[in-house]
Structure formats: C-alpha cells, structure tokens
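Chemist: The sequence isn't on hand, but the structure is:
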C-alpha cells in the first residue's frame, strides 16, 4: 500500500503506526488526500478470465503482479519515507520535542509474494521461518534528552494539531504531521483510486476461482499422502504449534518440506499467481486512467521528497 490513509495488511509500503520502544509514542500516520470509495460494480468480475502461460516460480520476484506497476516501489519508498518522517521531526524539533511522538513506516511485503513461493531446500532447513530480508522500518530518531509525561502530552498535541500554540509559538494547522504531509503531497491532488482496493478484490476472486480450487485440492491430497491434514498452505504455515513458538522444530520442517513439494506437484502457487494476474488485468483495464494518474501522483510525492531532502 502506498498511502497513509489506506492501511491494508497485504500491501507493501504502508505508512503504519506501531508501538515504538523506549517511551516514544506513535500517532496515526500522516493524513493523505481524501480518497472516495470505489464503485462496487467496478470491482466485480463475474467470469473467470483466460490465463496466460503459468509462471515459473523460482523466487519471490517471480510472483510479481500487474498492479505492482501502480504502487509505490521499494526504491521509491526508500526515497520518500525517510524524508517524510524527517520533515515531521524537524517540525517537532522547532518546539524542542523531537523523538517523542511520530509516525513509523513499516513496508509490508505483498501477500502474494509471501505465499507464492516456498523453496524445498529452505523449507527442509528452516521450516516456515522467513528467509527474505526483514521489511525496512523507518522509525523515530532516538531522543537523548529526558522528557516527562507533560512533554509527551504536549508533543502529541503539536504532532496532531490539537494544540494551536506551544510556549507562545504557533503550531502549524493540523500539526507537524499535516505540515510534513503537505510538503510531500504538494501538487499531488486527491487520489481517485486506491490500488489496494483492486488488489483486495483480485485476491478474493482468486481464492474462489475454480482453477485455484482444483489446484488447492490437488495440494491437499498431496499433503494427505504425506500424512498431513491441512486445507491450504496458509493453514500449514500458521499451524498453532509453530505459531506459538516452536519455530524450526522437526515437525515444522517436515510440514514445510511437504508443503513446498506439494505446491510444485499440484501447481498451486503457479495457478494462484496466474489467476490473480488475470483478474488484476481485468480490473486494470477498467481503471486504467485512474491508475496512470495514481502512478504520476506517486512519482510527484517522490519528486517532492527529493527536493525536501535538500533542505531537511
């Protein structure tokens, strides 16, 4: 996901408020231009679109989906996100309260990329433990000065704009969060469409597609032959035994290895990626103009960040 106002667990590049250690506080991520709801009928695909050749999945990169082209890329996020947060904290520093309250950006990999590929070798060695590098986190600077609960309360008011002034100094309208957002979003305008809505729709359609369901049955039958009873790869990966802390156990490695092998023999992962790609192409064709505009708006955000970085 690319915008602060559009939180979606499956999206990459999310501006997401999370708990910050060492007494620092976070607030909801910077506000974005208002995004009107998409018409429901434009998200409905009541037919199964034809498939192109099934992709060869040798790495997570092979699970790329068509909508990725209209979302904030990792390279763009690496430029925009740190500048965005630095602008917030520069504003807070003007009140002597930096490093207390702010946003935190955690880039979350696409669910399709995570679920689409599982190496047999890796599964045998590590089970379901993540093997890709951890998503980058852009966090608050470490505050070296001591601060009190009163400082935290004041910082929250300055950040959100609930305070209009502090110690005689005016607070920007909407607070430091809005001030930073205004710089990043200068000339961007309102987003007519959230690509995450399209991605959510394509994901839902994929799980119900007869071709994926057929491959999923083949996967479950394959797992059953290995003595394992799971309805889906997600069920296997989220088995309470390893989710509760028994990571890397012999049982987990056995299940993960069988899972990886069965994904290959059933072609489940290949069908998942191919089918979701087909649905996304249908949705893109319906929203091409808006998506092209979104891509331009993302580029403008990055351009603004590059300019702001020179003086931030």
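Modeler: On my side now, so go ahead. Everything numeric here is computed off the predicted structure, so don't read it as measured data.

Chemist: Look at residue 297 and say how many residues are nearby.
Modeler: For residue 297, the number of neighbouring residues by other C-beta atoms under 10 Å comes to 20. All C-beta spots, glycine's among them, are computed from the backbone N, C-alpha and C.

Chemist: Residue 213 now?
Modeler: Neighbours of residue 213 under the rule other C-beta under 10 Å: 12.

Chemist: For it, which three-state class applies?
Modeler: helix (DSSP: H, G, I helix; E, B strand; the rest coil).

Chemist: Begin at 29, not 1, for the rest of this chat.
Modeler: Sure, I'll start counting at 29 from here, so that last one is residue 241.

Chemist: Tell me how far it lies from residue 234.
Modeler: If you measure residue 241 against residue 234 using C-beta to C-beta, to the nearest Å, the figure is 10 Å.

Chemist: if you skip the residues just before and after it, what's nearest to residue 265?
Modeler: residue 156 (4.8 Å; C-beta to C-beta, 6 or more residues apart in numbering).

Chemist: Surely the one you found forms part of a helix?
Modeler: No. Judged by three-state DSSP, residue 156 forms no part of a helix; its state is coil.

Chemist: My read is that it contacts residue 280, right?
Modeler: Yes. Under the criterion of C-beta atoms under 8 Å, residue 156 makes contact with residue 280 at 6.2 Å.

Chemist: what do these two both touch?
Modeler: residue 270 (C-beta atoms under 8 Å, 6 or more residues apart in numbering).

Chemist: The residue nearest to residue 265 and residue 283, how far apart?
Modeler: Residue 156 sits at a distance of 8 Å from residue 283 (criterion: C-beta to C-beta).

Chemist: Low-confidence stretches in the stretch 229-340 of the chain?
Modeler: For the stretch 229-340 of the chain, the stretches with pLDDT under 70 are 274.
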